[in-house]
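Trainee: Provide a 3D model corresponding to the input given below.
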Amino acid sequence: MAQTTGKTEGTAVAATATLNVVSVGCLHGDLNRLYENVKKLEEASHVAVDLVLVNGDFEAMRTEKDLDSMACPPKYRHMGDFREYYDGKRRAPYLTVIVGGNHEASSYLSELYSSLPFLIL
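Mentor: Have a look, this model is predicted:
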């Protein structure tokens with residue numbers, strides 16, 4: 001929670017801003033399930049989520065070729081549902097920030113403008 005204090009005609013005024021963040025790890029390509037669970041959390045808690053933070057193992061596979069650059073044994077390589085978002089068939093319902101982990105498609109992350117291991121949906 002961030003607080004700021006300002007003055008209005010000699011009187012101190014405090015304003016409070018809250019950012020509601022859901023943080024998850026090891027998504028392993030299951031983006032649809034993540035968003036379904038965040039929606040359920042909002043409904044159960046009656047609190048709107050402002051940001052979803054995925055901490056590693058997001059697995060942003062656009063095509064089968066991306067699986068070749070994934071750092072894991074072949075038996076664990078599979079296409080998740082990220083390509084539906086990448087192709088524009090779905091739209092992320094929450095601002096989503098991804099911090100790359102050790103099981104990412106390094107070919108895709110290396111193409112990002114910043115060359116940093118994160119992505120914003």
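Trainee: for the longest helix seen in the chain, packing partners?
Mentor: When the chain is scanned for its longest helix (criterion: DSSP state H), the result is helix 31-45. Identification of packing neighbours for helix 31-45 by 3 or more C-beta pairs under 8 Å, 6 or more residues apart in numbering; DSSP states H and E yields strand 21-25, strand 51-55, helix 82-86. Every residue, glycine included, has its C-beta placed from N, CA and C.
Trainee: tell me the SS of Val97?
Mentor: Here Val97 is recorded as strand under DSSP: H, G, I helix; E, B strand; the rest coil.
Trainee: how much space separates it from Gly56?
Mentor: 12 Å (C-beta to C-beta, to the nearest Å).
Trainee: just Met79 next, same as before
Mentor: Distance from Met79 to Gly56, counting by C-beta to C-beta: 19 Å.
Trainee: higher neighbour count, the two?
Mentor: Taking neighbours as other C-beta atoms under 10 Å, Met79 and Gly56 compare with Gly56 leading, 17 against 14.
Trainee: still on that earlier bit, contacts for the longest helix of the chain?
Mentor: By C-beta atoms under 8 Å, 6 or more residues apart in numbering, the residues outside helix 31-45 that reach it are 22, 24, 27, 48-49, 52, 54, 80-82, 84-85, 90, 92-94.
Trainee: swap in 6 Å and give it another go.
Mentor: Residues outside helix 31-45 that contact it (C-beta atoms under 6 Å, 6 or more residues apart in numbering) are Val22, Leu27, Val49, Asp81, Phe82, Pro93.
Trainee: got TSV for the helices and strands packed on helix 31-45, with distance to Asn102 and mean neighbour count too?
Mentor: Formatted as TSV, the helices and strands packed on helix 31-45 follow (distance: least, C-beta to C-beta, whole Å; neighbours: other C-beta atoms under 10 Å):
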stretch	distance to Asn102	mean neighbour count
strand 21-25	12	14
strand 51-55	12	18
helix 82-86	17	18
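Trainee: could I get those as TSV with mean pLDDT?
Mentor: Formatted as TSV, the helices and strands packed on helix 31-45 follow (pLDDT from 0 to 100):
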stretch	mean pLDDT
strand 21-25	95
strand 51-55	93
helix 82-86	90
